[in-house]
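Chemist: I'd like to go over a predicted model; first the sequence, then the structure.
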Amino acid sequence: MNKLLLSSLRNGGFIFYARHGEATVGKDIPNIIFQDCLTQRNLSDNGRRQAFYYGEILRYLRIPIKYPVSASPFCRAIKTAQLAFGSGNVQVNPFWVEVYRLSENLPSKERKRVLNVLNAVLESKSEEGTNNIIIAHSFPEGIGLGKIPDMGTVIIKPRGQGSGYEVVGQLSISELSALES
């Protein structure tokens, strides 16, 4: 299975939705200022190592990546993307804050709107021969892509606009690194 999956990933056409690396303990302050990392949880030392290693694994496995990669505006997501793929290869997308907000008590209409946008993003096909990377947040249990561990990746095969997507698998960073074995 691993060799078949790796071969498919090398051909491109997937979306790698990854949760940022491990963050420091605590909570973000209620009125986060995205440009001020002191108002939010940031990557721990382990999270920085995970992020760097994540990029190394994808390069080692020769998985083609479409740049820039997409990152949530939270400092921990941006830093994860920068450590993994280089500072100049990251584009911040404010939509990923909406995914973070799904764990709040959102009105059902708002939750549905966010999930509809998410579905539209995840069913959009990647450029031929490359894979799109998104560095963002976990979801609440049973919503969207579900719980994702630190630096875990959900691999998605888009079917095209209006046709949905398939979740091919969810890999921890160690499972991703073992793909070639």
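Modeler: Nice, I can see it.
Chemist: Hmm, T153 is touching V168, no?
Modeler: No. Contact criterion CB atoms under 8 Å: T153 and V168 do not qualify, at 10.4 Å. Using the backbone N, CA and C atoms, a C-beta is placed for each residue, glycine as well.
Chemist: the more surrounded of these two?
Modeler: Per other CB atoms under 10 Å, whichever of T153 and V168 has more neighbours is T153, with 25 against 15.
Chemist: Could you report the neighbour count for the spatially closest residue to F95 that is not a sequence neighbour?
Modeler: Residue nearest to F95 in three dimensions, not counting chain neighbours: V117, with 6.4 Å by CB to CB, 6 or more residues apart in numbering. Using other CB under 10 Å, the number of residues around V117 comes to 13.
Chemist: thought V117 was touching V99?
Modeler: No. Counting by CB under 8 Å, V117 sits too far from V99 to count as a contact (9.5 Å).
Chemist: Poorly predicted segments of this protein, please.
Modeler: 1, 181 (pLDDT under 70).
Chemist: For it, just list every one of the helices.
Modeler: Counting by DSSP state H, the segments of the chain that form helices are 2-11, 45-60, 75-85, 95-101, 108-122, 173-177.
Chemist: Nothing else from me, thank you.
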